[in-house]
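In: Would you be able to build a 3D model of this:
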Amino acid sequence: MTKIITLFIAVGLFLTACSSQSSTGVQVVVTTNILGSVVSDIVTCAGGTSTTLMPIGASPHDFTVSSRQSAQMAESDLIILNGLELESALEPVIENIVSEGGRVLSVGQFIDPLPVPEKTEDEHAHEEDEHAHEEDEHAHGEFDPHFWLDMSRMAKAATVIGEELLDITNDSKYKSCAETVSTEILNAEKNVQQQLVEIPAENRLLVVDHESFNYFAGAYDFEVIGSLIPAISDNAQPTSEDLAELVKVIQARKVRAIFVSTEATEKLADALRGEVGSNVKVVRLYEGSLGETGSGAETYIKMMKFNIQAISEALS
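Out: Alright, predicted model coming up:
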């Protein structure tokens, strides 16, 4: 009898150790630092570890990984992508890891993605470099990848991540932590929406640096009427015809501000402001990356609060 009791105790300790390992030992690698902020909150809450590949300020449209980062991806229990072909430069690495049995979650496909807006005939007529635009459309597919600018979609992404981690670990803490993070995002969204109510309907016009604010506009009742770079990727280049047409739109619609997210597009916006008048503001936002420490945009929720505050102040 003593031997049997001892055996049961040993088995119980073994199972406890396995359970603990599944809870605390999971290793997650996530591509973008915006998605990484949400993943980190979930995984840390549940006792796992996460690594974000893209540093602050990196553009997800052309980011490539080092050999060390490739090894981290291959050794992880789960790789989490934004998906929708945002990280197109990483596709060869991802495909290789999947072929070796690696597990990948592409979040974007689960959040009701928006199709990339089709260009009108007039817009196509102004394209001097048609080949470059075709490459941009091919690289980023049929869906817009910028879903994180809609906080309700990012809240949904958090629950999707929690379900995936539950399936991997069989640990309910990942699901409950994800639900907590999702609720925090939705509560923050309710608070910032109160700021947007004060913006008059006639001022809810967005001119942005590239075509990344369609989710934001749809979620918060704005209209995107133009972009400095008429493409989904921030790596494309505008033509002189594109910019001349944008000047006309800004003047005709009496646009109050141009919103940009990089130094390059800020310089372009400043030059454009010289054409339309100094009464048009150029306002910096965080779109493809979180901000540095001290920026007020160090986490996903802080980033969205920063952006909405800036937009509200510029257009109210």
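In: can you give me the strands in the stretch 201-316 of the chain?
Out: Counting by DSSP state E, counting those that start in this stretch, the stretch 201-316 of the chain has strands at residues 205-210, 223-229, 257-260, 281-284.
In: In TSV: those, plus distance to L290 and mean neighbour count.
Out: Yep, even glycine has a C-beta here, placed from its N, CA and C like the rest. Shown next, in TSV, are the strands of the stretch 201-316 of the chain (distance: least, Cβ to Cβ, whole Å; neighbours: other Cβ atoms under 10 Å):
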stretch	distance to L290	mean neighbour count
strand 205-210	17	24
strand 223-229	21	19
strand 257-260	16	25
strand 281-284	14	18
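In: I250 versus the nearest residue to P55 once chain neighbours are set aside, what's the distance?
Out: Of all residues not flanking P55 in the chain, N33 sits nearest, at 7.0 Å (Cβ to Cβ, 6 or more residues apart in numbering). To I250, N33 is 31 Å away according to Cβ to Cβ, to the nearest Å.
In: ok, now which ones touch S316?
Out: 198-200, 203 (Cβ atoms under 8 Å, 6 or more residues apart in numbering).
In: Need the residues you listed in JSON lines (columns: pLDDT).
Out: Output for these, formatted as JSON lines (pLDDT from 0 to 100):
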{"residue": "E198", "pLDDT": "90"}
{"residue": "I199", "pLDDT": "95"}
{"residue": "P200", "pLDDT": "95"}
{"residue": "N203", "pLDDT": "96"}
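In: Which one (most neighbours) among these?
Out: With neighbours taken as other Cβ atoms under 10 Å, the top of the contacts of S316 is I199, carrying 19 neighbours.
In: and that one, what element?
Out: Under the criterion DSSP states H and E, no helix or strand holds I199.
In: pLDDT at the closest residue to it other than its chain neighbours, what is it?
Out: Distances taken as Cβ to Cβ, 6+ apart place L315 nearest to I199, at 4.8 Å, with adjacent residues excluded. We have a pLDDT of 96 for L315.
In: when you give positions from now on, start the count at 45
Out: Will do, 45 is the new start, and the previous item becomes L359.
In: Contacts only, for L359.
Out: L359 neighbours (Cβ under 8 Å, 6+ apart): 243-244, 247-249, 300-301.
In: returning to what we had before: tell me the one of the contacts of S360 nearest G145?
Out: The shortest approach to G145 among those belongs to I243, at 50.1 Å (Cβ to Cβ).
In: Can you give me the distance of the closest one to D265?
Out: 9 Å.
In: and if you look at S110?
Out: In terms of Cβ to Cβ, S110 sits 42 Å off from D265.
In: ditto for D194
Out: 12 Å.
In: likewise V304?
Out: 22 Å.
In: which one of D194 and D265 has more residues nearby?
Out: D194 (23 against 12).
In: separation between the more buried one and T93?
Out: Distance of D194 to T93, given as Cβ to Cβ: 28 Å.
In: go on, L312?
Out: In terms of Cβ to Cβ, L312 sits 40 Å off from T93.
In: The two: who's more crowded?
Out: Counted by other Cβ under 10 Å, L312 and T93 do not tie: L312 has more neighbours, with 20 against 15.
In: check contacts around that one.
Out: L312 neighbours (Cβ under 8 Å, 6+ apart): 253, 272, 282, 304.
In: what does V327 give?
Out: Counting by Cβ under 8 Å, 6+ apart, V327 has contacts 301-304, 354-355, 358.
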